[in-house]
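Participant: just coords:
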Ligand SMILES: Cc1ncc(C[n+]2csc(CCOP(=O)(O)OP(=O)(O)O)c2C)c(N)n1
Ligand code: SF4
Ligand code: SF4
Ligand code: SF4
Ligand SMILES: [Mg+2]
């Protein structure tokens, strides 16, 4: 591995989560980056192209003409054995949709960042999870983070998970648009040497373009073989459950920070009323849990980090002995319910009564009061009061 | 004949573990012939052939072999399109109706 | 120029499942003969993918992969970036795509790749319709051709494709691409020479190759090269190249043969009569007036 003169030393920096992602990516030494700008992802790719221009990264930066091409360029480079990165958001992520499926089916460990932003129409550049949730079945691991530090650290973990030969599946690191991507905090940036120790260079499998051992890749397979390939994709995702935890633990051992692997529990040990959510809402919700606890309410929260693979077993275990559950979705599957709601309810199978809260759509603020009200409703439901199963939090003209 | 040939020892994977890590396969591996597609077979008259290379160049299937003393046709992969016969400047290739004896 | 005697005997495309007489087969295998074993190949969803890489029969002997239909240009950019990242020497990053995959859904990606200046060789084999999905029209389907989505109809009013073929070559020239050419299986020496030039170009290069399709056009398989010749001789296909900022016309028939001699060989044009032949001939003459005015004839001294 070449040591650039500008190899990072460990530091503490006051930076945005987007910058934290850029530093995380830089430390992972991708060989090819291809990206297309979209708010609120832009500053990530701007920063990375700056790193490359300054020769602080030894990397080919490909300015593509669309997100479809961004992911296609990553596909081409990954097939050639390169570590790659891209980032997108919202309309851009949807524009990539075909490629997302293609990359996961091709079993290439590409890592991307998604700045979660809602999807037009109506147009809006602010955050919710409707973009990445729409890509739920694209075969990517989806990791949702809460802070800039977690974002940086998760990017590093993501490569380690994706490139594990039992996984060989791409990873999408999801950050709430603006509330996280554009918020500044003090972030510990590890040194290049430390990250090199954690993350060795990418070692592709035989599934690649190699002059010495020519393969035909991304081939067509008949119905007689398709099922087996799909089974393998599923098995890889299942295997990733353990590996996400292992990698998080190893990261914790080396860097002193860990995030719970698939999910993080907060004050759940004896909790009777639990709210489950993804991303930054958890930050606010923690404060509400503390307040409720002070008032004698046994509240807890679960921050789901890994939406795919989905931590079913962990959630089933958590639901034992819980009196009521609230699932907070920053998305809605029109005509049914929120996606997280479906997953969680499917997992716990009625072990506790549940309400699916649709909140924080298109950047709508989810306040402490909102969250406290959610807990109150879950408590009411547990006590036998009638509650709507799906509720739009803070809906205008309704009592919240 | 210097042509890629059918890999008779090709084996499908016997378990999930034996499958490749992604949807890929060894390049240039042929497991079956295209001979059955033929209705007519080109027959090359070496005595008339001036080895101009034309048929060798234009055959869509690359089935003309020029490695031996005389040009020959790889009947395992010739599809009998007749282009070689049609284009041969010396009329050295004629198309004959396939018999029932073909593989 | 390529000395055909020097071309390697080894077939890098073999055992494919294209229809008998498929010119795309000839095009792909000849290109690989020139680019050689050190070629990384991408080809999108098309006839070419369907006939070469259905497990387990793998007809390409070089490292290759099927790209998404729209993505050929972009995957080539990624591969070219990888070549730089891995500091590989003496390799060719090659894309071979159909007319649909190039001039329609893939146009944005190929434009991007060319504009970026990546060292790639992009080949469009033009069979003038979406053959793989069952002969639907593309923007390179010529006027009057019946396809499954531009049918001739039964009422007598429809003439098949109603628009003239898009000039893909000029689109590429407009990119000021380092090297770009049209070619045809009708003229193998010309084609091979252009592939060699493209391969040696330090930057993007593009070849647009006329590739008759017996199945989609409706002619006997043995006539593939003949049909390609008739297209050139009737002026409905031209051989040209763009290099060092100027376009050269490589071949100009002394006298065009009547277009009907080309059109009457194929079922896709069989519903046409003198009125449509006339329209086609007039359009051809307009095109050639432009070509003759703008492009240099072969052989003229370069300034
Ligand atoms: C995004 C997308 N849209 C449509 C298709 C279906 N499709 C596959 S190949 C093809 C036509 C290919 O036409 P062309 O590029 O001209 O190649 P040909 O088959 O004629 O050789 C189409 C429409 C696809 N694979 N992907
Ligand atoms: S085209 Fe005819 S003369 Fe030329 S090499 Fe082939 S068989 Fe011989
Ligand atoms: S008949 Fe067609 S496939 Fe067979 S050798 Fe002649 S040109 Fe090739
Ligand atoms: S349909 Fe046409 S282009 Fe496609 S394989 Fe058949 S002959 Fe070739
Ligand atoms: Mg076509």
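Facilitator: Nice, I can see it. Computed from a predicted structure; not experimentally measured. Numbering: from 1, shown residues only, chains lettered A, B, ... in the order given. Ligands and ions are numbered 1, 2, ... in the order given.
Participant: pLDDT weak spots in chain B?
Facilitator: The model of chain B has pLDDT under 70 over residues B:100-103.
Participant: oh, I was asking about chain A
Facilitator: A:1-5.
Participant: closest residue of it to ligand 4?
Facilitator: Nearest to ligand 4 in chain A, going by CB to the nearest ligand atom, is residue A:220, at a distance of 14.3 Å. The way it works is simple: take the backbone N, C-alpha and C, and place the C-beta from them, glycine included.
Participant: number of residues surrounding the residue nearest to that residue when sequence neighbours are not counted?
Facilitator: Leaving aside its sequence neighbours, residue A:220 sits nearest to residue C:54 (CB to CB, 6 or more residues apart in numbering or on different chains; 4.5 Å). Per other CB atoms under 10 Å in any protein chain shown, the neighbour tally for residue C:54 reads 18.
Participant: in the sheet, who's paired with residue C:54?
Facilitator: Going by DSSP bridges, residue C:54 is paired in beta bridges with residue A:220, residue C:57.
Participant: tell me the contacts of it?
Facilitator: By CB atoms under 8 Å, 6 or more residues apart in numbering or on different chains, residue C:54 lies in contact with A:219-222, C:17.
Participant: mind checking how far residue B:82 is from residue C:198?
Facilitator: 31 Å (CB to CB, to the nearest Å).
Participant: ok, residue C:101 touching residue C:68?
Facilitator: No: assessed by CB atoms under 8 Å, residue C:101 is found out of contact with residue C:68, at 9.5 Å.
Participant: those two: which is more packed in?
Facilitator: Neighbours were tallied for residue C:101 and for residue C:68 using other CB under 10 Å; the higher tally belongs to residue C:101 (32 against 24).
Participant: quick check: that one is in a helix.
Facilitator: Yes: counting by DSSP: H, G, I helix; E, B strand; the rest coil, residue C:101 falls inside a helix.
Participant: how about the nearest residue to it, chain neighbours excluded?
Facilitator: Using CB to CB, 6+ apart, the closest residue to residue C:101 is residue C:44 (4.3 Å).
Participant: tell me the contacts of the one you found?
Facilitator: Per CB under 8 Å, 6+ apart, neighbours of residue C:44: C:66-72, C:97-98, C:101, C:106.
Participant: can you rerun that using 6 Å?
Facilitator: C:67, C:69, C:72, C:97, C:101 (CB atoms under 6 Å, 6 or more residues apart in numbering or on different chains).
Participant: from residue C:18, how far off is it?
Facilitator: For residue C:44 relative to residue C:18 (CB to CB), the value is 16 Å.
Participant: spell out which residues of chain B are next to ligand 3.
Facilitator: Neighbours of ligand 3 within chain B, by CB under 6 Å from any ligand atom: B:42, B:59, B:61, B:63-64, B:73, B:78-84.
Participant: if you set the cut-off to 8 Å instead, what comes out?
Facilitator: Neighbours of ligand 3 within chain B, by CB under 8 Å from any ligand atom: B:38, B:40-42, B:55, B:58-64, B:73-74, B:77-85, B:93, B:95.
Participant: likewise for the stretch 151-300 of chain C?
Facilitator: C:221-222.
Participant: for the stretch 151-300 of chain C, give me the ranges with low pLDDT.
Facilitator: Ranges of the stretch 151-300 of chain C meeting pLDDT under 70: C:299-300.
Participant: and the strands in it?
Facilitator: C:179-184, C:205-210, C:240-243, C:246-249, C:296-297 (DSSP state E, counting those that start in this stretch).
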